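Chemist: return atomic coordinates for the entry below.
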Amino acid sequence: MHSVVCIKQVPDSGQIRVHPVTNTIMRQGVPTIINPYDLFALEAALRLRDRHGGEVTVLTMGPPMAADSLRKALGFGADRAVLLTDRVFAGSDTLATSFALATAIGRIGETWGPPDIVFTGKQTIDGDTAQVGPGIAKRLNLTQLTYVARIAELDLAARSVTVERRAEGGVQVLRTRLPCLVTVLEGINEMRRGSLAEALRAARAEIVTWSAREAGIADIARCGLRGSPTVVKRVFAPASRAEKAALVPTHGRDAAGLAEGLIEALFARSPGPEDDLARLAAGQ
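Modeler: Prediction:
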């Protein structure tokens, strides 16, 4: 079994600042990390490999420094890492990014065998669009299983996978044939600690580095700013809330009384839900 995991190196969201004049994110001096959602995707792929055998290839697109994140992925146990880096990728939006990654995944398939499952996190913390995974699936003509909360079963003999997908109002149980693309939610698993042997292997490992041409991208006009129709009008930090927290007296109340007091306080501040509940109770 061959899994490809797409990861992204992102700025640490806890230390991001916005320029007060240009309203752009200030990345200088901000440490980078692997997108947290992508770590859940990586662990999901590693667990399937541990259970069914095969290989895990990690892919990222970014500047040369993104190799650091790939080495971390190798330290967790990935078998190989591919860095897609070229100046023509600068300024890529989700459309251009999904095109470049899909082309690179095709090249990976030609080199090491076609992937059975392509994994991504549900979204990245710096963009929050959740568009790249589905974009890759569309370009590669793969069935996409998004917002997956659990991989219930993988049957390699039947070439099928069964997952639990979080949906509005409940959980969907879906089964599809391989190959497919899976975007995973947070909490689907817990990232393992890499062993010392894996860390030493990662330090010595060769990062496969491809330019646009080496990845098989013939039309560079579909990459970078030229291939990105998205225009960012403004980036801004949300204003601090001036509203203070309300205090609910707890002295002398048992659990039921405390719950009743909290509900009364909530309805006093936001009467809308109480009116809705009253109409539902009246059968309206």
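
Chemist: show me this protein divided up by domain.
Modeler: Each domain of the chain is listed here as a residue range: 2-227, 242-284, per automatic domain parsing.

Chemist: so which of the ones you listed gets nearest Arg234?
Modeler: Closest to Arg234 of these is domain 2-227 (CB to CB; 5.1 Å). Bear in mind the C-beta positions are built from the backbone N, C-alpha and C, glycine included.

Chemist: tell me the gap between that closest one and the middle of its chain.
Modeler: Taking the mean of its C-alpha atoms, domain 2-227 sits 7 Å from the chain's own mean (CA atoms, centre = their mean, to the nearest Å).

Chemist: what mean pLDDT does that domain get?
Modeler: What domain 2-227 shows for mean pLDDT is 92.

Chemist: what are the buried residues along the helix or strand hosting Phe40?
Modeler: Per DSSP states H and E: Phe40 is located in helix 36-52. The neighbour-count check on helix 36-52 (16 or more other CB atoms under 10 Å) flags 37-49 as buried.

Chemist: try stretch 120-140
Modeler: 120-126, 130-137, 139-140.

Chemist: ok so, going back, could you single out the most deeply buried of the domains of the chain?
Modeler: When you average the neighbours per residue for each of those (mean count of other CB atoms under 10 Å), domain 2-227 leads with a mean of 18.

Chemist: which residues does the longest helix along the chain contact?
Modeler: For the chain, the helix that runs over the most residues, judged by DSSP state H, is helix 94-112. Helix 94-112 has contacts (CB atoms under 8 Å, 6 or more residues apart in numbering) with 2, 4, 6, 55, 57, 59, 61, 80, 82, 84, 89, 92, 115, 118, 127, 129, 131-132, 135-136, 138-140, 210, 212, 214-217, 222-224, 227-230.

Chemist: from the buried residues of stretch 120-140, which land in helices?
Modeler: In this view, the buried residues of stretch 120-140 that belong to helices under DSSP H are Val132, Gly133, Pro134, Gly135, Ile136, Ala137, Arg139, Leu140.

Chemist: could you find the closest non-adjacent residue to the fourth one?
Modeler: The shortest distance from Gly135 to any non-neighbouring residue, by CB to CB, 6 or more residues apart in numbering, is to Ser98 (2.9 Å).

Chemist: against Val231, how distant is the spatially closest residue to Ala152 that is not a sequence neighbour?
Modeler: Nearest residue to Ala152, sequence neighbours excluded (CB to CB, 6+ apart): Thr162, at 4.5 Å. Thr162 sits at a distance of 41 Å from Val231 (criterion: CB to CB, to the nearest Å).

Chemist: quick one: the strands in this protein, in order.
Modeler: Secondary structure of the chain by DSSP state E: the strands cover 2-6, 9-11, 17-18, 25-26, 32-34, 55-61, 80-84, 117-121, 143-155, 160-167, 170-177, 180-184, 208-210.

Chemist: partner strands of the fifth one and their direction?
Modeler: It stands for strand 32-34. strand 9-11 (antiparallel) (DSSP bridges).

Chemist: thank you kindly, that will do.
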